[in-house]
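Colleague: requesting a structural model of the entry that follows:
(one chain, ligands or ions: 1)
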Amino acid sequence: ALGNPLRPAILAAARSPRMKSAITRAPVTRSIVTRFVAGQDRPAALAAARTILDSGRSISIDHLGEDTAEPEQARAALAEYRALLSELADQPEATVGGVRRLEVSVKLSALGLALPRDGLRVAREHAHALCTAAQAAGVWVTVDAEDHTTTDETLAVVTELRADFHWLGAVLQAYLRRTEGDCRDLAVAGSRIRLCKGAYNEPESVAYQRRSEVDASYLRCLEILMRGRGYPMVASHDPVVIEQTQDLVGQVGRGPAEFEHQMLYGIRDVEQARLAAEGDQVRVYVPYGAQWYGYFMRRLAERPANLTFFLRSLVTH
Ligand code: FAD
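Modeller: Okay, here's the model as predicted:
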């Protein structure tokens, strides 16, 4: 959570190559990483996805990768998504009430946005190719939100691609001061918007810093999306957010196929199951792959208890 005083330091470490090599080589890390990451390869991700689908929840699978600096790596990321999509195409239960239960999430920086040359063009082309493959497989796509320097480009790419792929989802981060406005602009018919608090280290000029401010912004944004005409994807583990979602759904008269809860793999699993059992749609974000470092560090930064657990096991190992 943003109230964690160590959050900026951990998020800085999340981008440090030296810390990355130290932490990924610590023998104990692997066992803790498996709490948040479904596995290193596609079969592991598909096995985790199967268990989740069988429990009545939906999935969004993310092949871990970000800040790609080599064109070859960006092409490899696209190839992995294509392979994943062709395997997902064979899964039986594709839709419930018009909502696709199978989704992938992708970061434009994994597809090349951060390349030194032509990053935006490369990422846009790769994202278009990925959406074409997803369409053929009957799978939806949501483009993850990264740090604020990428927000304009990311939303522009999503808006452009939505001309061809109307189901393409965007992510808005409530900690950004701009997001209430983005919610108003994007809460249009058919638009799928994932609302999250935001997981990066952002300056005060663009982002609320205090936890209470972020939480209040989230609730304002949630209300705009719920009263709007789009399809809200409420990505939060926060009990206050979940309760508020249920209240708003009642007030505006949305049915179970007109919004969804989203949570991360391995976090509040019991709550995920409870919501699904009550008839709400719950989608679980399932990350996999070898590039788990940045994702893992952001999860540690969210919760002092996770960090303490990790540090203690490093010391006592
Ligand atoms: P918090 O206030 O952080 O947490 C509320 C409660 O949830 C905690 O008290 C605890 O009980 C539980 N909890 C939260 N985090 C953890 C954890 N790591 N370990 C154990 N328990 C925890 N961020 C982006 O910037 N871009 C994205 O594209 C993006 N996509 C996301 C997709 C999904 C489906 C989800 C659920 C989150 C996504 N996030 C993304 C991360 C998000 O921005 C937050 O950093 C994260 O969800 C924690 O915020 P919270 O709303 O759960 O509330």
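
Colleague: assign a three-state SS to L172, would you?
Modeller: When states are read from DSSP: H, G, I helix; E, B strand; the rest coil, the local structure at L172 comes out as strand.

Colleague: residues in a beta bridge with it, which ones?
Modeller: Going by DSSP bridges, L172 is paired in beta bridges with L195.

Colleague: residues of the stretch 101-250 of the chain that sit close to the ligand?
Modeller: Residues of the stretch 101-250 of the chain lying close to the ligand (C-beta under 6 Å from any ligand atom) are 144-145, 171, 173, 194, 196-200, 235-238. To be clear about C-beta, it is placed using only N, CA and C from the backbone, and glycine gets the same treatment.

Colleague: redo that, cut-off 5 Å
Modeller: Those residues of the stretch 101-250 of the chain that sit near the ligand, judged by C-beta under 5 Å from any ligand atom, are 144-145, 171, 196-199, 235-238.

Colleague: can you give the contact residues for stretch 189-199?
Modeller: 2, 140, 142, 145, 162, 166-176, 183, 186-187, 207, 214-215, 218, 221-222, 225, 229-236, 238, 262, 298, 301-302 (C-beta atoms under 8 Å, 6 or more residues apart in numbering).

Colleague: if we go to 6 Å?
Modeller: Judged by C-beta atoms under 6 Å, 6 or more residues apart in numbering, the contacts made with stretch 189-199 from elsewhere in the structure are 142, 166, 169-175, 186, 214, 218, 221, 225, 229-231, 233, 235, 298.

Colleague: and what of stretch 48-64?
Modeller: Among residues not part of stretch 48-64, those counted as contacts by C-beta under 6 Å, 6+ apart are 38, 45, 80, 101, 103-105, 276, 282-287, 289, 291-292, 295.

Colleague: 7 Å - rerun?
Modeller: Residues outside stretch 48-64 that contact it (C-beta atoms under 7 Å, 6 or more residues apart in numbering) are 38-39, 45, 77, 80-81, 84, 93, 101-105, 142, 265, 272-273, 276, 281-289, 291-292, 295.

Colleague: and for stretch 114-129?
Modeller: For stretch 114-129, using C-beta under 7 Å, 6+ apart, the contacting residues are 67-69, 71, 74, 78, 108, 111-113, 143, 153, 157, 161.

Colleague: out of those residues, list just those in strands.
Modeller: V143 (DSSP state E).

Colleague: make JSON lines out of the contacts of stretch 114-129 and add neighbour count.
Modeller: Converted to JSON lines, the contacts of stretch 114-129 look like this (neighbours: other C-beta atoms under 10 Å):
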{"residue": "D67", "neighbour count": "15"}
{"residue": "T68", "neighbour count": "25"}
{"residue": "A69", "neighbour count": "12"}
{"residue": "P71", "neighbour count": "15"}
{"residue": "A74", "neighbour count": "25"}
{"residue": "L78", "neighbour count": "21"}
{"residue": "L108", "neighbour count": "27"}
{"residue": "L111", "neighbour count": "30"}
{"residue": "G112", "neighbour count": "27"}
{"residue": "L113", "neighbour count": "25"}
{"residue": "V143", "neighbour count": "24"}
{"residue": "E153", "neighbour count": "16"}
{"residue": "V157", "neighbour count": "22"}
{"residue": "L161", "neighbour count": "19"}
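
Colleague: lowest-confidence one in the contacts of stretch 114-129?
Modeller: Checked by pLDDT, the contacts of stretch 114-129 have D67 as the lowest-scoring entry (87).
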